[in-house]
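A.B. asks: Next one to model:
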Amino acid sequence: MPTFHELTFRRGALTSARFAPDPRSAIYSASWEGNPQAVFISSPNSTESRDLGLVQTQVLAVSSGGQMAVLRRFRVADNAFTYVGTVAQLSIGADAPRDLLDNVEDADWNPEGNALAVVHTVGGKSRLEYPISKVLYETAGWISNLRFSAKGDRLAFVDHPTLGDDGGTISVVDLSGKKTDLTERWASAIGLAWAPSGDEIWFTATATGFSRSLRGVTLSGKSRELLTAPGTLTLHDAGAGGRALISRDALRAGAIGLVPGENKERDLSWQDWTVPTALSEDGKVLLFIEAGEAGGGDYAVFTRETNSTSAVRLGQGSARSLSPDGKWAVVLRQNMSPPDFVLLPTGVGQQRVLPTGKVIPRFGQFFPDSNRLLFDGHEAGHASRIYVMNLDGGQPRAISPEGFNLRGHSLSPDGKRIAAISSDGMALLPSDGGEPQLVRGSQPGDIPLRWEKNGQTLLVGTRGEISCPVSRLDLETGARTPWKTFSPVDVAGVVGASCPLISDDEEHYVFGYTRNLSDLFLVEHLK
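C.D. replies: Numbering: from 1, shown residues only. As a prediction, the model looks like this:
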């Protein structure tokens, strides 16, 4: 039977862990007690871990020769589950990392330890590159848990088709770029490593909710279950003799808001994974998703009056937007093949499917007249673009070049301008199509939250690990003025704070957060 030896004992979130060259020790990154993420090394003879002095750093890979690949100067990635920043190299115990490449989400050393494979974000796509700059695979979704085989002839990874969703398939690609999917889509798939035998890939995934268990799949696609336990398991690394580094994660997502008629924030969470997605203009109705165990593998869509203790279940999928007239919610059905949009009535009415033709949609927002939809998506082989579609029929019409997408509240009050997102920051473009113009003063990671009534100022935020700072951005001068910062009071284990949904009067709001309280274990005798 597998045996468990606990390696960490502090309160907070562990983000990654790898075996050290000394296989009795683990090198891991974690944010304990709400402090910034840092890198530690465990001791085989003690319950204490040593801080390696790398603040705001995440470990990505450790070579057999003691070289670390780490992520620095990072922010929460657009997928909302990982980070994007600068990959750097250093020896264990060295003083300063050497920067190698920007806009990286993941990396792994080849077996010789002299070159890196990376997940590199370029032009709105995630690219798997090895060596750096040679593209083996790219996707408009996102890639996690990149790992080299012991022979160095293949790379395994989790292929996530949809931003903002951790569902995905276990896949491999060889060095010529031939990609193979080994499993069907899992509702949650995070954590992967090659088995010690080299002929199987171990991973942690679940078909519903977040109760991930440890599974294995061969290169021929034969799968099995290795280890299950109450709660969520995340595989970080595997080593000789059936050894593995596995964290037990207590995952929760919640919502906090200041609502009409009240003068202090309160918790608006409903079940175990509440994701707020839209707030009515008067701040009285909240649209949200339940994406955990309670929501099921297809997720559940709810509305609730913000001053009420009850919620109404509308249907399944990932809610995107609430119509200005309050009658409809646009919802992405991410488990359909291909994913599509539906309209769910908030009151009396029937569900309506919104065909988007060859475009695979992601995020959507109603125009002020409630009769048209603004959304982003991509066609096969292309990066994300922005589209407009009439709700009473007709094909979507592209209004932006590739590499642009939507977040937050993009449309101006009159519906004539769009604050779109690119890798360089926000850009403005006409809603009937035109050349995007980069917004002065905008920064990568900015999310438009609300246009002010004058049409010349935007409230913009940047999703962070424990907070979302919001500023006023003057669209003419580029001047930024701090407005408010949104964060839970207890930040221990908080790994993401979403930016707020803001009411028309700018007095009321709702924001979300994700908390992960982790314990890392050395598991032995896995077979």
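A.B. asks: And L391, how far from Q37?
C.D. replies: Distance of L391 to Q37, computed by Cβ to Cβ, to the nearest Å: 43 Å. Every C-beta, even on glycine, is put in place using the N, C-alpha and C of the backbone.
A.B. asks: Ignore what I typed, I meant P430.
C.D. replies: For P430 relative to Q37 (Cβ to Cβ), the value is 41 Å.
A.B. asks: Please apply the same query to Y513.
C.D. replies: 16 Å.
A.B. asks: Okay, I256 and V158: tell me how far apart.
C.D. replies: 30 Å.
A.B. asks: Compare the two (neighbour count), which wins?
C.D. replies: Counted by other Cβ atoms under 10 Å, I256 and V158 do not tie: V158 has more neighbours, with 26 against 21.
A.B. asks: tell me the contacts of the more buried one?
C.D. replies: I143, S144, N145, G168, T169, I170, S171, A189, I190, L192, F203 (Cβ atoms under 8 Å, 6 or more residues apart in numbering).
A.B. asks: One more: P355?
C.D. replies: D340.
A.B. asks: and the spatially most central residue of the chain, how far is that from P260?
C.D. replies: When Cα atoms, centre = their mean is applied to the chain, the residue found nearest the centroid is A80 (2.3 Å). Distance, A80 to P260, by Cβ to Cβ: 28 Å.
A.B. asks: and what of S247?
C.D. replies: Applying Cβ to Cβ to S247 and P260 gives a distance of 40 Å.
A.B. asks: more neighbours, the two?
C.D. replies: S247 (25 against 14).
A.B. asks: just checking, that one touches D237?
C.D. replies: No: in this structure, S247 is not within contact of D237 by Cβ atoms under 8 Å, at 10.7 Å.
A.B. asks: Find the residues that touch each one of these two.
C.D. replies: With Cβ under 8 Å, 6+ apart, S247 and D237 have common neighbours A17.
A.B. asks: Can you name every helix or strand that the helix or strand containing V523 contacts?
C.D. replies: For V523, the host element (DSSP states H and E) is strand 509-524. Packing partners of strand 509-524 (3 or more Cβ pairs under 8 Å, 6 or more residues apart in numbering; DSSP states H and E): strand 3-6, strand 12-19, strand 26-32, strand 243-258, strand 274-279, strand 494-497, strand 501-502.
A.B. asks: how about a cut-off of 6 Å?
C.D. replies: Judged by 3 or more Cβ pairs under 6 Å, 6 or more residues apart in numbering; DSSP states H and E, strand 509-524 is in contact with strand 3-6, strand 12-19, strand 243-258, strand 274-279, strand 494-497.
A.B. asks: ok, residues contacting that strand?
C.D. replies: Contacts to strand 509-524, defined as Cβ atoms under 6 Å, 6 or more residues apart in numbering, come from residues 2-8, 13-14, 17, 243-244, 246-258, 275-276, 279, 286, 486, 488, 493-498, 500-502.
A.B. asks: just stretch 250-270 next, same as before
C.D. replies: Taking Cβ under 6 Å, 6+ apart as the rule, stretch 250-270 contacts 210, 232, 273-276, 283-284, 306-307, 311, 508-517.
A.B. asks: Give the buried residues for that stretch.
C.D. replies: Under the neighbour-count criterion of 16 or more other Cβ atoms under 10 Å, stretch 250-270 has 251-259, 265, 268-270 buried.
A.B. asks: got it, and stretch 444-462?
C.D. replies: 445-452, 457-462.
A.B. asks: JSON lines please, covering those residues and showing secondary structure and pLDDT.
C.D. replies: Compiled in JSON lines, the buried residues of stretch 444-462 are given as follows (DSSP: H, G, I helix; E, B strand; the rest coil; pLDDT from 0 to 100):
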{"residue": "G445", "secondary structure": "coil", "pLDDT": "88"}
{"residue": "D446", "secondary structure": "strand", "pLDDT": "93"}
{"residue": "I447", "secondary structure": "strand", "pLDDT": "95"}
{"residue": "P448", "secondary structure": "strand", "pLDDT": "97"}
{"residue": "L449", "secondary structure": "strand", "pLDDT": "97"}
{"residue": "R450", "secondary structure": "strand", "pLDDT": "96"}
{"residue": "W451", "secondary structure": "strand", "pLDDT": "95"}
{"residue": "E452", "secondary structure": "coil", "pLDDT": "92"}
{"residue": "T457", "secondary structure": "strand", "pLDDT": "95"}
{"residue": "L458", "secondary structure": "strand", "pLDDT": "96"}
{"residue": "L459", "secondary structure": "strand", "pLDDT": "97"}
{"residue": "V460", "secondary structure": "strand", "pLDDT": "97"}
{"residue": "G461", "secondary structure": "strand", "pLDDT": "96"}
{"residue": "T462", "secondary structure": "strand", "pLDDT": "92"}
